[in-house]
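A.B. asks: Let me see the structure of the following:
(2 chains)
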Amino acid sequence: MSKIHVTTTVNGDPAEFLATPGMTLLDALRDELGLTGAKEGCGSGDCGACSVIVDGRLVCSCLMLAAEAEGQRVETIEGMAQNGQLHPLQQKFLEHAALQCGFCTPGLLMGAKALLDSNPDPTETEARYFLAGNLCRCTGYDKVIRAVLDAAAELRQERTPA
Amino acid sequence: MSETLERPAAKADLQVVGTRPIRPDGADKVTGRAAYGADFNMPGQLVGKVLRSPHAHARIVSIDASKAKALPGAKAVVTAADFPDLASEVLEGGEQASNLRDLSLNVMARGKALYHGHAVAAVAAISSEVADEALSRIKVTYEVLPHVTEVEAAMAPDAPLLHDHLFTEGLEARPDKPSNVARRHRNLRGDPEAAFADADVVVEGRYVTPPVHQGYIEPQACVAAWAEDGRCDVWSSSQGQFMVRTYCAKVLGVEISDIRVTPAEIGGGFGGKTTVYLEPLALALSRASGHPVKMVMTREEVFRATGPTSGSVMNVRFGAKKDGTITAAEVELKFQAGAFPGSPVGAACMTALACYDVPNFLITGYDVVNNTPKVAAYRAPGAPIAAFAVESAIDDLARALSMDPIALREKNAVRDGTKASYGPTYQNIGYVETLAAIRDSEHYKAPLGPNQGRGVAVGFWFNVGGESTAAVNIAEDGSAVVVTGNPDIGGSRASMAMMAAETLGIPVERVRPMVADTASIGYSMLTGGSRTTFATGMAVVQAAEKVIADLKARAAKLWDVPADQVEWRGGEAICLDPKADKKPLTLETLAAQSARTGGPIAAQVSINAQGAGPGFGVHLCDVEVDPETGQVSVVRYTAAQDVGRAIHPSYVEGQVQGGVAQGVGWALNEEYIFDAQGQMENPGFLDYRMPVASDLPMLDAILVEVPNPRHPYGAKGVGEVPIVPPLAAVANALRGATGVRIPALPLSPPKVLAALDGAKAG
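C.D. replies: Presented below is the predicted three-dimensional model:
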């Protein structure tokens, strides 16, 4: 079974790898590129722990073939902090204690980023429904939702200088 | 030490405890850097996979692995023949004792497969694809046997027997025939039958709960490497690296000294990672192949082969006087243990009436084996199940008496000095304070909308102490490293660092907490039983106090004053002798000069912590029912809990909120569904429906602080209590909304709709 040469962009940098035809994007990220921030919780697109953003769209990387990343822009948790600074979502997750074991956190953060990229001022209900694809078994979501709404407020403030 | 800390320290004197700093492992966990079980790799590692029984109960006639072994790239196959056939031996491991032989047989079936998904062979190969192919080439010949899933069916005299050697324990006389009932528990106080005869009001009910899974998002994962000299290394995600070491050594028949276990970050456990499944297999495959072996479960394997908690059938009866005094109780609990004995029915019997001061009761529990996965601990094991039955019946009793449900509980509440139903006399408990917190809450007085109902339920958990080791090492800049042997599942690094900082009198940012491997720190029992902040925290504080004693001695030496003339306050040594006229010496200064005063500054303390304070929770739940579909939504939830003292209040609230969410899932949606062949029909997160963000409202946590005097900062365990009340809180709210009592979980739409239709039909 010959492998496919995939050329893509990961967190702004060019990346290439060899993929078997059945390899998922998640396995390529974790095993070929050494980016283990995306997690496999179910392998069936139900838990969201493997969430990444591909060309601006939130996907479960366990449901996408690695070969489909050809020519796309892939954003993972490893690219969220910039220049040694945590993204406001990451900072707010810490301030609100919005993680316990932390296993679902990379996926939740990517999901939350996709939410705020498309809707800078979500209601609590909108945030809850947008993040319904990201299972967290530890927190009961309370502090997660508070952190997301707080980060949204901060990002809005950053965009509109006083 | 000259001064004695006031135990617990007065809250006003605390600088760090009770604040909300950012957790020390936070940046790693929001950036994807933290390495969990499956994130670790070894050069040259193989992929290990497990062949699992397709039958719920079958004799293994033969296993022919020759074609698998001949496959290019397949490096090893192991079966039960590669493990010692162990004798029955009970090991005290963590939350509950384990029988070594059963543990070994659960890791790899020998002679019989006892549930669908039971491991019968394992392979190691150069890739996942080759491993799959190798598995398909193993020929197992089974003789399928009749199986039994439901608990009462397993108790029937003519039920298929799982174990020929199992005779019911706890009966007056040893039975002459084997049975699936492993043990009967019995606890009698007073004369319940006479008290029932005298009661003004009697309520009773029969309650049923299905098996549910812990549902940690991280599947079990490990890497094992067996070196040529017999030394082995294991990296795995578990609730206790020392537990993994002990169990692996026993199951493989090797020396504990030959195994080192390094804990990965753990992606949730909730009790489910208090035992081993993969680690002994990976070690055996590594030994057989000469390569490191990595094994990661699929979600389906997690559901089919790792411990859920028990399904149950329960009967509860209460008798009371007109004024609400409960005079009699009868509780009968039948719990599925899965394939081997060891359901949490014992703990369920002990907790069932732990919130009530009842003079006459009989509690009976049955631990019953059946052809489903062996249950594992799940957050307050057994207590939520018993509380579902007891708190539902108490709710019915309040209705029968036309009493406020909190007033009824207050009237019968246990207090300091009450002899608990399970034996000891309560001290320093905060139960009535917790009831009052809910009674006085704004939520309790808030009006309800249409199709809404409100439910109250309470819960208890023992909390435990146990063996823990902690080391405090002072660096030359006066910062501290705190080393413990307890995996951090929910923020315990933060609480360890905070308690060390508080004791040493330095900022928490100057403390780096570490979770060490089994070769780098002394023994510690696993993270479970809500013990870590209490017991390991106590070891941390004692190690820090030992460091302080050393620092004071060094300051005395530098000042040339007697040691009792030095006090440690605010991170500094202070000379009490005014004539000496010495400026305080900071930790930084003393650390910088340590070479001149005796060398590095460090201390390690190992303890067996006693005096864990039991915890009580009181929950208030509002639900709204859609009469068209039977869908039940939780619209408001408030949970109050006596937490002793919250070291890091955010993570304590988080424990409460997380326990509530799991309990709501148990109440409304989660269940193992088995087909006629005993195969689980819903082994994935789509069909095993855990709560998602849109299923829940904000979850209000009220922390009631009745400090535990046995802990230096007053801590009580907090992680388990919050899953105890929700099952009944939701069920009681639904009863309030609909007027119908549905005594079987989950309260899923079809069941609710059927009950509503049944009520309408009259």
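A.B. asks: which SSE is residue B:75 in?
C.D. replies: strand B:74-78 (DSSP states H and E).
A.B. asks: show me what contacts whatever residue of chain B ends up closest to chain A?
C.D. replies: Here the residue of chain B nearest chain A is residue B:32; by C-beta to the nearest C-beta that distance is 2.0 Å. (Each C-beta comes from the backbone N, C-alpha and C, glycine too.) The contact partners of residue B:32, taken as C-beta atoms under 8 Å, 6 or more residues apart in numbering or on different chains, are A:35, A:36, A:37, A:38, A:76, A:77, A:78, A:106.
A.B. asks: For PyMOL, write a command that selects the buried ones of these.
C.D. replies: Entered in PyMOL, the line below selects the buried ones among the contacts of residue B:32, by 16 or more other C-beta atoms under 10 Å in any protein chain shown:
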select buried, chain A and resi 35+36+37+38+76+77+78+106
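A.B. asks: Looking at the contacts of residue B:32, which one is closest to chain B?
C.D. replies: Using C-beta to the nearest C-beta, residue A:37 comes nearest to chain B of these, at 2.0 Å.
A.B. asks: List the contacts of that closest one.
C.D. replies: With contacts defined as C-beta under 8 Å, 6+ apart, residue A:37 is in contact with A:76, A:77, A:78, A:106, B:31, B:32, B:33.
A.B. asks: ditto for residue A:43
C.D. replies: Residues in contact with residue A:43 (C-beta under 8 Å, 6+ apart) are A:62, B:298, B:299.
A.B. asks: Please parse chain A into its domains.
C.D. replies: Domains of chain A are assigned by automatic domain parsing as A:4-79, A:88-159.
A.B. asks: And the helices in the stretch 51-200 of chain B?
C.D. replies: B:66-70, B:100-107, B:128-136, B:151-155, B:192-198 (DSSP state H, counting those that start in this stretch).
A.B. asks: likewise chain A?
C.D. replies: A:25-27, A:88-95, A:105-118, A:124-130, A:142-159 (DSSP state H).
A.B. asks: Mind putting those into JSON lines with distance to chain B and mean pLDDT?
C.D. replies: Shown next, in JSON lines, are the helices of chain A (distance: least, C-beta to the nearest C-beta, whole Å; pLDDT from 0 to 100):
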{"stretch": "helix A:25-27", "distance to chain B": "9", "mean pLDDT": "98"}
{"stretch": "helix A:88-95", "distance to chain B": "4", "mean pLDDT": "98"}
{"stretch": "helix A:105-118", "distance to chain B": "5", "mean pLDDT": "98"}
{"stretch": "helix A:124-130", "distance to chain B": "4", "mean pLDDT": "98"}
{"stretch": "helix A:142-159", "distance to chain B": "5", "mean pLDDT": "96"}
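A.B. asks: Dump those to a markdown table, plus distance to residue B:566.
C.D. replies: Shown next, in a markdown table, are those (distance: least, C-beta to C-beta, whole Å):
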| stretch | distance to residue B:566 |
| --- | --- |
| helix A:25-27 | 58 |
| helix A:88-95 | 38 |
| helix A:105-118 | 45 |
| helix A:124-130 | 55 |
| helix A:142-159 | 43 |
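A.B. asks: Which one of these lies nearest to residue B:685?
C.D. replies: helix A:105-118 (12.9 Å; C-beta to C-beta).
A.B. asks: what does the closest one contact?
C.D. replies: A:37-39, A:41, A:47-53, A:56-58, A:75-77, A:80, A:87, A:89-90, A:93, A:98-99, A:122, A:126-127, A:130-131, A:133-134, A:136, A:144, A:148, A:151-152, A:155, B:29-30, B:32.
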